[in-house]
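Participant: fold the following.
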Amino acid sequence: MKNILITGGAGFIGSHVVRLFVNNYPEYKIVNLDKLTYAGNLANLKDIENKANYEFVKGDIVDCDFILRLFGKHHFDGVIHLAAESHVDRSISNPTEFVFTNVIGTVNLLNAAKNIWKDKPEGKRFYHISTDEVYGSLGNGGMFTEETAYDPHSPYSASKASSDHFVRAYHDTFGLPTVISNCSNNYGSYQFPEKLIPLFINNIKNKKPLPVYGKGENVRDWLWVVDHARAIDLIFHKGEVGETYNIGGFNEWINIDLIRLICCKMDEKLGRSKGDSEKLITFVKDRAGHDLRYAIDATKLKNELGWEPSLQFEEGIELTIDWYLENTEWLENVTSGDYKNYYKKQYNQRS
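Facilitator: Residues are numbered from 1 along each chain as shown. Take a look at the predicted model:
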């Protein structure tokens, strides 16, 4: 049996990865480590929480002694590291928190893996999940490749760039078997509604303003979260040690066009008159250091490992909107903060 640590497994992307690994690899022991901050929600994993090959551990990757004890107890064969502060606006308000979690936390995990694998690194893997934001901003042409120079513009992207550099340094200096992936914007079920798509779905439903930065001209490449989880599975098992893989949806959208599409879909599904939801669009002052355009070239991942997105965006956004409309209790619990009670109810005996 392989023991696999997945950090940040109660979050949006992490919960999809945990579910995939628990269901697809019953011979693995999956340990989900999450601090359960505002974005970590164990209700995301109700369907697999009682599986025999799954264990949840509440803890903070910034706590070095705790991480060393955890590795000493479980002797992990692999780490899939997703735990991170990830919201750019929050990084502008509190950059230091992002340094601690995204940089110090990553180094703590690297040190623990290095210490426990020092004699037998064969068959082990430390997989660090990063973001396309480390590459900076693109103009109207071109795409980010694995060779693109780093040029982060926000405290969030700077902290992720730093953690990427540490992962590569531990591979080059200590021979740690590492791999990195940089992904584009994710969308799908279980995303905390501070991010654009679930926020706007919820606001449209409740007829609240839709705050759009600047003129809405920023361009993002959107990736369905289930496809991202599939890519992580593939890279973890078949990616080459020391390599980086870009994961993108081959799916660029100008923000204002995406927002209008969501408005149109929501009007149809809620039985409202065409154009009703667009009246909620409110242009606000642009975010400081706001990158104009991201676009991922995922050709390497496609050519070397055979991965490509399984859904067209129009199908994925339909599934996503339907999920949020059908899971109103989940959304209400998240927006009200009641989701925090789930941990107390389910895990108080074990905490």
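Participant: shaky segments in the stretch 151-300 of the chain?
Facilitator: Under the criterion pLDDT under 70, no range of the stretch 151-300 of the chain is flagged.
Participant: so where do the strands sit in the stretch 151-300 of the chain?
Facilitator: 178-183, 185-187, 210-213, 219-224, 244-247, 252-254, 281-284 (DSSP state E, counting those that start in this stretch).
Participant: which helix in this protein has the most residues?
Facilitator: Scanning the chain for the helix with the most residues, using DSSP state H, yields helix 155-174.
Participant: indicate which one of the strands of the stretch 151-300 of the chain is closest to G14.
Facilitator: strand 185-187 (11.0 Å; C-beta to C-beta). Every residue, glycine included, has its C-beta placed from N, CA and C.
Participant: and the strands of the stretch 151-300 of the chain as CSV, adding mean neighbour count?
Facilitator: Shown next, in CSV, are those (neighbours: other C-beta atoms under 10 Å):
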stretch, mean neighbour count
strand 178-183, 24
strand 185-187, 23
strand 210-213, 18
strand 219-224, 23
strand 244-247, 24
strand 252-254, 18
strand 281-284, 13
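Participant: hmm, I48 and P26 touching each other?
Facilitator: No - between P26 and I48 there is no contact under C-beta atoms under 8 Å: 11.0 Å.
Participant: so who does the closest residue to V179 other than its chain neighbours touch?
Facilitator: Nearest non-adjacent residue to V179, counting by C-beta to C-beta, 6 or more residues apart in numbering: G239, 4.7 Å away. Neighbouring residues of G239 by C-beta atoms under 8 Å, 6 or more residues apart in numbering: Y127, V179, S181, Y245, L305.
Participant: name the nearest of those relative to N3.
Facilitator: Nearest to N3 among the contacts of G239, with distances taken as C-beta to C-beta, is Y127, at 14.3 Å.
Participant: may I ask you to confirm that that closest one belongs to a strand?
Facilitator: Yes - with DSSP: H, G, I helix; E, B strand; the rest coil as the criterion, Y127 is assigned to a strand.
Participant: and it, how many neighbours?
Facilitator: Per other C-beta atoms under 10 Å, the neighbour tally for Y127 reads 22.
Participant: now do it against G142, distance only.
Facilitator: Distance of Y127 to G142, computed by C-beta to C-beta, to the nearest Å: 27 Å.
Participant: how about L45?
Facilitator: Distance from L45 to G142, by C-beta to C-beta: 39 Å.
Participant: ok, now L196?
Facilitator: 23 Å.
Participant: list the contacts of L305.
Facilitator: Counted by C-beta under 8 Å, 6+ apart, L305 has contacts L234, I235, K238, G239, Y245.
Participant: state the pair within those that is farthest apart.
Facilitator: K238 and Y245 (10.3 Å).
Participant: tell me the one among the contacts of L305 nearest to F174.
Facilitator: G239 (19.0 Å).
Participant: which residue ranges of the stretch 51-200 of the chain form helices?
Facilitator: If DSSP state H, counting those that start in this stretch is used as the criterion, the helices of the stretch 51-200 of the chain fall at 64-74, 88-93, 95-98, 105-117, 155-174, 196-205.
Participant: L5 in helix, strand or coil?
Facilitator: strand.
Participant: model confidence for it, exactly?
Facilitator: Looking at L5, its pLDDT is 98.
Participant: that one: how many residues sit nearby?
Facilitator: Count around L5 with other C-beta under 10 Å applied: 25.
Participant: please tell me I have it right and it contacts G78.
Facilitator: Yes - counting by C-beta under 8 Å, L5 does reach G78; the two are 7.2 Å apart.
Participant: list residues touching both of the two?
Facilitator: Common neighbours of L5 and G78 (C-beta under 8 Å, 6+ apart) do not exist.
Participant: any idea how far N333 is from K35?
Facilitator: In terms of C-beta to C-beta, N333 sits 19 Å off from K35.
Participant: L45 and G142: which is more packed in?
Facilitator: Neighbours were counted for L45 and for G142 using other C-beta under 10 Å; L45 has more, 22 against 11.
Participant: need the contact list for that one.
Facilitator: Neighbours of L45 in contact, by C-beta under 8 Å, 6+ apart: G9, A10, S15, V18, R19, N32, F56.
Participant: is the nearest residue to the last one once chain neighbours are set aside bridged to anything, and to what?
Facilitator: Meaning F56. Spatial nearest neighbour of F56, excluding adjacent residues (C-beta to C-beta, 6+ apart): N32 at 4.9 Å. On the basis of DSSP bridges, N32 is bridged to I6, F56.
Participant: quick one: N32 from Y54, how far?
Facilitator: N32 is 7 Å from Y54, by C-beta to C-beta.
Participant: mind listing the shared neighbours of these two?
Facilitator: V18.
Participant: those two - which one has more neighbours?
Facilitator: Just comparing N32 and Y54: by other C-beta under 10 Å the higher neighbour count belongs to N32, 27 against 21.
Participant: tell me the contacts of the more buried one?
Facilitator: Per C-beta under 8 Å, 6+ apart, neighbours of N32: I6, G9, A10, G14, V18, L45, Y54, E55, F56, V57.
Participant: returning to what we had before: ok, of the contacts of L45, which come out buried?
Facilitator: Buried residues within these, counting neighbours by 16 or more other C-beta atoms under 10 Å: G9, A10, S15, V18, R19, N32, F56.
Participant: determine which two of the residues you listed are furthest apart.
Facilitator: R19 and F56 (12.8 Å).
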